[in-house]
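> Okay, structure incoming, though there's no sequence with it:
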């Protein structure tokens with residue numbers, strides 16, 4: 001089940017490879033994610049040593065939480081749970097010029113919060129415009145097909 005999605009990721013980046021990882025979270029963070037209090041802005045994945053970390057993902061306060069959560073705690077680095085081969089693959093890909101790893105979505109699988117992440121390559125401005133044009137053409141074709149058969 002999809003809990004939160006990074007909408008700008010598909011527009012700003014070309015996805016090369018996807019992974020699904022577990023997340024080390026605190027209890028109130030899980031509840032806040034289920035409410036949708038998540039911001040992917042500026043979030044990325046970095047490999048330090050033998051572990052992968054999610055950096056700059058903002059998980060805001062849970063609505064029924066009595067204590068205030070400081071800004072630094074909302075944006076803290078969160079450890080990802082991945083197999084060693086996946087971490088090595090991630091390290092190898094991210095070390096190449098022009099590639100980075102970003103979060104795509106937060107999912108709920110078997111009552112556990114998982115992070116869908118991807119190795120991506122940034123798009124240039126003209127590539128973004130091309131993507132927008134292709135999507136618009138596809139929408140127009142869908143409308144025409146629907147109009148022809150919907151009579």
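Arrived safely, thanks for sending. All of these numbers come straight from a predicted model, not from anything done at the bench.

> Give me the mean pLDDT for the longest helix along the chain.
The helix spanning the most residues in the chain, taking DSSP state H as the definition, is helix 125-149. Averaged over helix 125-149, pLDDT sits at 85.

> wait, isn't residue 114 in contact with residue 104?
No. Between residue 114 and residue 104 no contact is recorded; they are 11.1 Å apart, counting by C-beta atoms under 8 Å. The way it works is simple: take the backbone N, C-alpha and C, and place the C-beta from them, glycine included.

> Pull the residues that contact the longest helix of the chain.
Residues outside helix 125-149 that contact it (C-beta atoms under 8 Å, 6 or more residues apart in numbering) are 11-12, 14, 123.

> now stretch 107-115
Judged by C-beta under 8 Å, 6+ apart, the contacts made with stretch 107-115 from elsewhere in the structure are 1-3, 20-23, 25, 30, 33-34, 54, 80, 103, 105-106, 116.

> could you redo the last one with a cut-off of 7 Å?
Residues from elsewhere that reach stretch 107-115 (C-beta atoms under 7 Å, 6 or more residues apart in numbering): 1-3, 20-23, 25, 30, 33, 54, 80, 103, 106, 116.
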